[in-house]
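> Build me a model from this:
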Amino acid sequence: MKDRFILHCDCNSFFATVELLKYPELQNKPVAVGGDSQSRHGIVLAKNEAAKKYGVKTAETLWQARKKCPDLIVLPPHHSEYTRYSKIVNEIYTRYTDLVEPFGIDESWLDVTNTYMLFADSPEKLADDLRRRIKYETGLTISVGVSFNKIFAKLGSDYKKPDATTVINRENYKDIVYPLPVSDLLYVGKSTATALAEMGIRNIGQLAEMPLDILERRFGKHGVSLYEYANGLENSPVESFYAEKEIKSVGSGNTFSRNLTGLAEIKPAIFSLSEDVGMRLRKHNMYANGVQLTIRNPEFFTFSRQMQLPSTDVTEDIYKAAVDLFIKNYSLSKPVRALTVTAIDLEKEKRVSQLSLFETEQVEKRDKKEKLQATIDRIRTKYGNSAVQSATVMTNPLKKDKKQNPFGDKPDRINDWDGN
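Have a look, this model is predicted:
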């Protein structure tokens, strides 16, 4: 079988670059995109190349960034603009192939195996042409990795920035990939990197040399993936841009304008988030078989816990599970800075099993809840969300926070949720 030609295109400093299109006079000054520190969304969402030179990092607080760069200019985010430019960029990609698979708002894989020769002498020259075209038509720059699989193509786009093309092929991949830290590999998070370091594995070459059975014993299926990724054996297809996208999770989160303490404040917040998740599930005609709760404390420590559920799209079921997760995994005396409720393990149809008499009664009660939920959705669709409100949500601290939230309403998280 002949090798595929996969491109991974990554928009450079995407949020910051989109914002700077409106302020060309700031192009060479250190700029970050971030929330308003007065409303407690004070973190760096993105930064330009000038800010990177000062060591400004994504996800750090604005006060930390300003300690490194006192002259840092902070611009507010405009997510509707990022979505608009993302669509424009992906539409340009589809001129070259219909096999365009977005990976987040600013990255996409392209399979040009059967189409590159229509536009260029080689996949590398096609990548160069893409970079020029994106820059000319949008003002944005992209870095492109060219390789024989998706994992190495992504490593290529990360290898040299901004506005660069990197080819990783059968002849050079060991020279380029193996010296890279193992944390550069896709899906190797902090905990996996730490576990690998404990095994003496710090770069991708060391991971590639580790026997498969040892990795599988230590990490299960993820260990098999790690072995394949490091050895260039990954071969998943690039999906068509026009294929129906699978929804794997739906979540809703918020950072509060003040720390919340005690169940009297936590419960309304969780209910509001659960209600948002439930409405989105019903909108997509999906059922959740599990719920995940993510908690962030005032020291910015974040952790997630999850539990299984009988298939449901009912707000009350999601809410009760999220509250249960909170009570079992977090001290009620500790304050909470942010919460996210996520419906996981989604399917288009309910899972069914053999039921006892008692369980049958429970199912009947759940069916009544679903009918009530559908009625409430219809009323809200016709008269607005405030037409029907739960007593729990009437005291919800999110009501104030949403008005102050500079990020606006967050879209459905339709991706592989990893708790970040």
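> where do the helices sit along the stretch 1-150 of the chain?
Taking DSSP state H, counting those that start in this stretch as the criterion, the stretch 1-150 of the chain contains helices spanning 14-20, 49-52, 62-68, 79-93, 123-138, 150-159.
> Can you show me the CA trace of stretch 298-311 as CSV?
In CSV, the C-alpha atoms belonging to stretch 298-311 read as follows (Å, rounded to 0.1, in the frame of the first residue of the first chain):
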residue,chain,number,x,y,z
PRO,A,298,-9.5,29.4,43.8
GLU,A,299,-5.9,28.2,43.5
PHE,A,300,-6.7,27.1,39.9
PHE,A,301,-6.4,23.4,40.7
THR,A,302,-8.8,21.5,38.4
PHE,A,303,-10.0,17.9,38.7
SER,A,304,-12.9,15.8,37.2
ARG,A,305,-15.0,12.9,38.4
GLN,A,306,-17.6,10.9,36.5
MET,A,307,-20.3,8.3,37.0
GLN,A,308,-22.5,6.1,34.9
LEU,A,309,-26.2,6.7,34.4
PRO,A,310,-29.2,4.9,32.9
SER,A,311,-29.6,6.5,29.4
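> May I see the buried residues of that stretch?
Buried residues in stretch 298-311, counted by 16 or more other C-beta atoms under 10 Å: 304-306, 309-311. The C-beta positions use only the backbone N, C-alpha and C, and glycine is treated the same way.
> In strands, which of these fall?
By the criterion of DSSP state E, membership of the buried residues of stretch 298-311 in strands covers 304-306, 309-311.
> ok, so of those, who is nearest Val44?
Among those, Ser304 lies closest to Val44 (C-beta to C-beta), at 22.2 Å.
> What is the end-to-end distance of stretch 286-302?
For stretch 286-302, the first-to-last residue distance is 27 Å (C-alpha to C-alpha, to the nearest Å).
> How far off centre is that stretch?
Counting by C-alpha atoms, centre = their mean, to the nearest Å, stretch 286-302 is centred 14 Å from the centre of its parent chain.
> And the strands in the stretch 101-250 of the chain, which stretches?
Secondary structure of the stretch 101-250 of the chain (DSSP state E, counting those that start in this stretch): strands located at 107-111, 142-147, 165-167, 249-260.
> and those, which is most packed in?
Stretch with highest mean neighbour count among the strands of the stretch 101-250 of the chain: strand 142-147 (a mean of 27; mean count of other C-beta atoms under 10 Å).
> and it, C-alpha only, in CSV?
Only the C-alpha atoms of strand 142-147 are listed here, as CSV (Å, rounded to 0.1, in the frame of the first residue of the first chain):
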residue,chain,number,x,y,z
ILE,A,142,-0.7,28.8,9.2
SER,A,143,2.0,26.3,9.9
VAL,A,144,1.7,23.0,8.0
GLY,A,145,3.0,19.6,8.8
VAL,A,146,3.2,17.1,5.9
SER,A,147,3.5,13.4,6.7
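> Okay, angle between it and strand 107-111 too, please.
Interaxial angle of strand 142-147 relative to strand 107-111 (axes from the mean of the first three to the mean of the last three C-alpha atoms, to 10 degrees): 40 degrees.
> Show the pLDDT at Asn90.
For Asn90, the model assigns a pLDDT of 97.
> burial of it, as a residue count?
Residues lying near Asn90 (other C-beta atoms under 10 Å) number 17.
> ok, now the one 4 residues further on?
The number of residues packed around Thr94, counting by other C-beta under 10 Å, is 15.
> which residues does it contact?
Shown in contact with Thr94 (C-beta atoms under 8 Å, 6 or more residues apart in numbering): 100, 241.
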